[in-house]
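Trainee: Here's my sequence, what's the structure:
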Amino acid sequence: MPGDLKSPEQSVPYHYDTKYELGSNPFEPGSDDLRRYLQSVVMEKNIVLEPDRMTNLVMYLNNKGFLCRNHGDESFRNEVFKYIDKIKKAQKVAKNWQTLTA
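Mentor: Numbering: from 1, shown residues only. Below is the predicted model:
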């Protein structure tokens, strides 16, 4: 007969085993690996993001709840591309506005 399933030692037998210590998450917000990966995705659109824009992208993805998803997922990549397209459109509008006011 099984033990009490409310106890983590019964439902997950290796919960307290020292062999299975928790490691650091390489994709946590602010991690260099995440930023490197995002930069490689952005490079597909021939854009290099400065550190402040990269921070804005990470915050955008965090607010949308995409940082807890698999980063190789197509929806994650589509969300990054959607953000990059917004940046491109904003730059185009700003450039057109500068030519009109000059």
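Trainee: what mean pLDDT does the longest helix seen in the chain have?
Mentor: In terms of residue count, the longest helix belonging to the chain (DSSP state H) is helix 74-101. Computed over helix 74-101, the mean pLDDT rounds to 92.
Trainee: ditto for stretch 51-60
Mentor: 93.
Trainee: And Glu50, its phi and psi?
Mentor: phi -70, psi 160 (degrees, to the nearest 10).
Trainee: Numbering from 167 from now on, please.
Mentor: That works, and once the first residue is 167, the last one we named lands at Glu216.
Trainee: so how far is Met225 from it?
Mentor: 14 Å (Cβ to Cβ, to the nearest Å). For every residue, glycine as well, the C-beta is placed using N, CA and C.
Trainee: more crowded one of those two?
Mentor: Met225 (12 against 8; other Cβ atoms under 10 Å).
Trainee: Let's verify that one: helix, strand, or coil?
Mentor: helix (DSSP: H, G, I helix; E, B strand; the rest coil).
Trainee: what sits against it?
Mentor: Met225 makes contact with no residue, according to Cβ atoms under 8 Å, 6 or more residues apart in numbering.
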